[in-house]
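*Asks:* how would this look folded up:
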Amino acid sequence: MLTIIVTIYLFLLSIKLLGHSFKQFKDLAEVMIKMTSNPFAGLIIGIVATSLIQSSSTTTAIVVGLVAGNALSLSNAIPIIMGANIGTTVTNTLVSLGHIKSREEFRRAFSASIVHDFFNICVVIVLFPVEMKFHIIERTASLLKHGFFGAGGLKMFNPLKIVLNPAISWLDHIFSLLPYKSALMIVFSLLLMFASLTFLVKTIRVLMLTKMEVIIGNYLFRNDIFGFIFGILMTAIVQSSSVTTSLIIPLAGAGLVSVRQIFPYTLGANIGTTVTAILAAMATQNSVAITVAFSHLCFNIFGILLFYPLKFIPIRLALFVGDKAGSSTKHLILFITVYILLHFVPVALIFLT
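*Replies:* Take a look at the predicted model:
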């Protein structure tokens, strides 16, 4: 049991350290967001900025601050929020690469990681043009704002900060003594992630496979409602959908949970990750900023209402791509290359136009 706890701690530390390393690019992300000139550019910048800092909560909080300071308009802010949902899923895919030694494990883990991508992409494809035409998200968020405007900002208790921040501060100090601090931290966190993930999967198999199957099957992922609520609570507490969704990937790789079981959990994570920005917006006491924060919540709720009944679309797409990517090294390289291009190349178009 102690081995499991230590390994999970190192795995969580690696994910948080990776996010901390990426947050060195926070200033760059803020500059990019300020460059927004049209809704489509905002969507792309939301994807790229969040891919850089690996936190949709941080991106949304930046947007809330810019709107509160009149540096960004509400109409340009909402597409950025949409893009942030897509950009936050990179960590999941990185975690799935830890299973690359076993083709079957990788197939399961990769499918589980990209089902979140496909859901967010499907929702954006449908809601982006609808929002640009009818502004339903903005109008709904404006209605919600009236019920919460004037409520003071609150701070949620985050247990991960208590257990992980001392180690991250220590590592931050160590790496600050070295050249290329951010790059070295990213490399170190990736190595730690893959090492702890490999050991975690082996330990789970040997020591707790039967017990975990009972816990997961009978309680956490008993049905879609349980999975959805679990995703909301975990992400609201941890305040990072990257962490909570990445945690489930090793279980998928080990065959303890299926893509169909993970899907409602990721929907819950999408809702839970909006809490941070809502609290930040309330602290600003700015009505437009509160509208922006609620637009993130409304976007995710509308997306769930649309695609939960059509869940076979993102699930089948994820399973298909996972099967293809896991079938050969050639396919794997192809899909990973396309994945990287989808997240990072669009920024070149923004700078060139």
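*Asks:* rest of the way, CA atoms for contacts and neighbours
*Replies:* Noted.
*Asks:* now the host helix or strand of Leu143: mean pLDDT?
*Replies:* Leu143 belongs to helix 136-148 when assigned by DSSP states H and E. Summarised as a single mean, pLDDT over helix 136-148 is 84.
*Asks:* for Ile114, which non-adjacent residue is closest in space?
*Replies:* Ala318 (5.8 Å; Cα to Cα, 6 or more residues apart in numbering).
*Asks:* hang on, the earlier thing: who are the packing partners of the helix holding Leu143?
*Replies:* Where contact means 3 or more Cα pairs under 8 Å, 6 or more residues apart in numbering; DSSP states H and E, helix 136-148 is packed against helix 103-134, helix 287-307.
*Asks:* what's the closest of these to Ala325?
*Replies:* Smallest distance to Ala325 across the helices and strands packed on helix 136-148 (Cα to Cα): 7.0 Å, for helix 103-134.
*Asks:* quick check: buried residues in that closest one?
*Replies:* Judged by neighbour count (16 or more other Cα atoms under 10 Å), helix 103-134 contains these buried residues: 103-121, 123-124, 127-128, 131-132.
*Asks:* list the buried ones in stretch 135-144?
*Replies:* Ile136, Ile137, Glu138, Ala141, Ser142, Leu144.
*Asks:* same question but for stretch 309-320, I mixed them up
*Replies:* For stretch 309-320, a neighbour-count test (16+ other Cα under 10 Å) marks Lys311, Pro314, Ile315, Arg316, Leu317, Ala318, Leu319 as buried.
*Asks:* show me the shaky parts of this protein.
*Replies:* 1, 19, 22-37, 54, 147-160, 201-219, 283-285, 343-353 (pLDDT under 70).
*Asks:* ok, now with 90
*Replies:* Within the chain, the ranges that satisfy pLDDT under 90 run 1-78, 80-81, 83-105, 138, 141-169, 171-173, 175-223, 233-257, 273-293, 324-353.
*Asks:* the residue most distant from the middle of it, which is it?
*Replies:* Residue farthest from the centre of the chain, counting by Cα atoms, centre = their mean, is Leu177 at 30.4 Å.
*Asks:* measure that residue to Leu191 for me?
*Replies:* 20 Å (Cα to Cα, to the nearest Å).
*Asks:* how far off centre is stretch 53-68?
*Replies:* Between the centre of stretch 53-68 and the centre of its chain there are 13 Å (Cα atoms, centre = their mean, to the nearest Å).
*Asks:* and what of stretch 4-17?
*Replies:* On the basis of Cα atoms, centre = their mean, stretch 4-17 sits 17 Å off its chain's mean C-alpha point.
*Asks:* export that stretch to CSV, keeping only CA atoms.
*Replies:* Output of stretch 4-17 as CSV, limited to C-alpha atoms (Å, rounded to 0.1, in the frame of the first residue of the first chain):
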residue,chain,number,x,y,z
ILE,A,4,1.1,2.6,-4.2
ILE,A,5,0.8,5.9,-2.2
VAL,A,6,4.5,6.9,-3.0
THR,A,7,4.1,6.1,-6.7
ILE,A,8,0.8,8.0,-7.0
TYR,A,9,2.4,10.9,-5.2
LEU,A,10,5.3,10.9,-7.7
PHE,A,11,2.9,10.6,-10.6
LEU,A,12,0.8,13.6,-9.3
LEU,A,13,4.0,15.5,-8.7
SER,A,14,5.1,14.9,-12.3
ILE,A,15,1.8,16.2,-13.7
LYS,A,16,1.8,19.3,-11.4
LEU,A,17,5.4,20.0,-12.1
